[in-house]
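Generate a structure from the sequence data that follows.
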Amino acid sequence: MLRDREALEEFKDLKKRLNIEFAALDQRLTEISQQISEYSTQISDDLDDFHYPRLKRCIGGLATTVHCLDEAPLRVYAALSRVAKDVLLDDRGTDFWAIPGKIGYTPSGEIPRWQEEGQDPLTAEDDLDDPAVDEEEAEEEHAVELLDQISRTADYIRALCSSLAEIWTAARSAAEIGDDSALTFELAKLRALPAALDSALDEWAYQVDLLYEVSPESLGYVRAVVPLTPGQLELF
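Have a look, this model is predicted:
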């Protein structure tokens, strides 16, 4: 019980020492947050530029960040948070642990799922063989369908990147309040994202490759597009 100034000063000193530990942990976790943000921004830009090799590298970088994630700083943060909450609360309910800027834990949302809309343009190629349809007009329509599909797939990739950032933020928040079960839940979700991103990128590349075969001019400004083999896209 905190009944005199000396005891109060001891508790304030304990809080100071704990905050030094938390600051060191925060620095390590913030570096990961910055990596995720930088990769996500670059991915969004490269989707607009049809820059496949850099997209592949950035999504691979995100995957490495997740797969090689060291949970220790998060687990230590959570353990220290529980100790701090237990110790730095006096008998009158005064919380000497309150940290400015910490907003508590809010669970992350569901990981986005791919939603097909109508007929898949990749299976609509039979329309080109219909003698009643002008071949040039059919190719233009097919190109429009592919462009729409590419745009929706790009938006899906961006949504996955946003989800990854949201889940990481939730994991940090769970650690900050000392909730180990919530932290474990968020980390499990985080590890599901790389596979979804890889799959989405493969689909996007396949769609762009098809568009190049049907209507290369529809791609707009791209420094070079060289389909090496059917279904393989090389942009540089």
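
what about the protein, any weak spots by pLDDT?
1-4, 7-8, 11, 87-103, 116-134, 218-236 (pLDDT under 70).

what about Gly109, neighbour count?
12 (other Cβ atoms under 10 Å). C-betas here are computed from N, CA, C, even on glycine.

go on, Ala205?
Neighbours around Ala205, by other Cβ under 10 Å: 21.

Next: Arg57.
15.

Residue numbering should commence at 620 henceforth.
Understood, numbering begins at 620; the last thing we discussed is Arg676.

Where do the helices of this structure begin and end?
Counting by DSSP state H, the chain has helices at residues 624-668, 671-686, 691-706, 754-795, 799-809, 812-833.

now these as CSV including distance to Trp733?
CSV is the format used below for the helices of the chain (distance: least, Cβ to Cβ, whole Å):
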stretch, distance to Trp733
helix 624-668, 15
helix 671-686, 16
helix 691-706, 30
helix 754-795, 6
helix 799-809, 17
helix 812-833, 7
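
Which of these sits closest to Pro731?
helix 754-795 (4.2 Å; Cβ to Cβ).

So Ala642 versus Thr649, what's the distance?
Separation of Ala642 from Thr649 (Cβ to Cβ, to the nearest Å): 10 Å.

One more: Gly723?
Distance from Gly723 to Thr649, by Cβ to Cβ: 18 Å.

ok, now Leu809?
16 Å.

of the two, who's got more company?
Leu809 (22 against 11).

what's the spacing between the more buried one and Gly797?
Where Gly797 is concerned, Leu809 sits at a distance of 19 Å (Cβ to Cβ).

OK, contacts around Thr794?
No Thr there; residue 794 is Ala. Leu648, Leu693, Arg694, Tyr696, Ala697, Ser700, Leu802 (Cβ atoms under 8 Å, 6 or more residues apart in numbering).

give me that answer again for 7 Å
Leu693, Tyr696, Ala697, Ser700, Leu802 (Cβ atoms under 7 Å, 6 or more residues apart in numbering).

right, and Ile662 touches Cys780 too?
Yes: here Ile662 lies in contact with Cys780, judged by Cβ atoms under 7 Å, at a distance of 5.8 Å.

Give me the common contacts of these two.
Between them, Ile662 and Cys780 share no contacting residue, judged by Cβ under 7 Å, 6+ apart.

Glu628: neighbour count?
So Glu628, with other Cβ under 10 Å, has 11 neighbours.

ok, the residue lying closest to Leu809 once chain neighbours are set aside to Glu764 distance?
Nearest residue to Leu809, sequence neighbours excluded (Cβ to Cβ, 6 or more residues apart in numbering): Ile786, at 4.8 Å. Using Cβ to Cβ, Ile786 is found at 33 Å from Glu764.

Arg624 now?
Distance from Arg624 to Glu764, by Cβ to Cβ: 75 Å.

Compare these two and say which is more crowded by neighbours.
Set Arg624 next to Glu764 and count neighbours by other Cβ under 10 Å: Glu764 wins out with 20 against 8.

quick one: which of the helices of the chain is nearest Ser727?
helix 754-795 (4.0 Å).
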